Structure formats: structure tokens, C-alpha cells
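Chemist: The following block contains a protein sequence and its predicted model.
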Amino acid sequence: NIFGVNTENIKILNIILSIFSHANLVHLFINSTILLSFGIVIEDFIKSSTYVSLFILGGVISTIAQISFVIISYDLSLLNLYSNEILVLGASGAILSVIGASTIKQPEAEVRVIIFPFMKFNS
């Protein structure tokens, strides 16, 4: 339970470890593929330490935002889809920060996701 975050277990170590945890191999594969595809666009423009900081900070902020959403929606009974013990994990928020940075640095770049080589995406 240290690799995920829920409303009962909000600690900075859990938040950081949850970024590197995934629900299953498909989740890990998709996140890794998207990160590689968009990471290639930005890796020439920023230092390695900045890239790692961007990834971790994006993951921490998105994890805190998701947990906050769960707590607020549960407390206000806005959404009954969530229980107050939902487990948050994965690198999707961190990857979105990399996608956002690549969009800012190279707005006209064409990105090909490795598993869909016939499709082009503009970053």
C-alpha cells in the first residue's frame, strides 16, 4: 500500500512512489510508450535534471489534484462514483507535464507514437 495514495495514506513518500507505480502491465506499457514518444521531442531542449524535475513535479501536482478531487467530491456528495478510499497511482499526470512542455517548446513538432506509427500528432 506504500506505492499508491488514498485519502487514508497521504504522505510525500507515497505521492512520489505512486508516480512510478502502475495498475498492470498494460498501464505501464501505454505510459512508457507515450512518455518516450513525447520525451524525444523535448529532450534536446532541456537538461536531464530539468526533465526529471518536470516529470516528478508534474506527477506530484497531478496526484495531489486527483486526491483533492476525490476528497471534495466525496465530502460534497457531488459524485457518487468515488469512494473516499480510491487508490491513485501511475505516471499519467507526470507524462502530461512532459507533453505540455513539449507543446510549449516545439508547438509545430509532429510526434509519432511508437505503437501507432501511421498516425501523426502535433505536439
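Modeler: In hand now; what should we look at?

Chemist: got any ranges where the chain has weak pLDDT?
Modeler: By pLDDT under 70, the low-scoring segments of the chain are 1-2, 75-85, 115-123.

Chemist: can you give me the strands in it?
Modeler: With strands called from DSSP state E, the chain shows them at 110-111, 121-122.

Chemist: what about the helices in the chain?
Modeler: 12-19, 25-42, 48-75, 92-105 (DSSP state H).

Chemist: Can you give the distance from the longest one to the centre of its chain?
Modeler: Here the centre of helix 48-75 is set off from its chain's centre by 8 Å, with C-alpha atoms, centre = their mean, to the nearest Å.

Chemist: Give me the buried positions along it.
Modeler: 51, 54-56, 58-60, 62-63, 66-67, 70, 73-74 (16 or more other C-beta atoms under 10 Å). All C-beta atoms are positioned from the backbone trio N, CA, C, and that covers glycine.

Chemist: Likewise for the second one?
Modeler: For helix 25-42, the neighbour count (16+ other C-beta under 10 Å) marks 30-31, 34-35, 37-39, 41-42 as buried.

Chemist: Return the member of these nearest to Leu89.
Modeler: Each of the buried residues of helix 25-42 was checked against Leu89 using C-beta to C-beta; the closest is Asn31, at 10.7 Å.

Chemist: Enumerate every residue touching that closest one.
Modeler: 22, 90-92, 95 (C-beta atoms under 8 Å, 6 or more residues apart in numbering).
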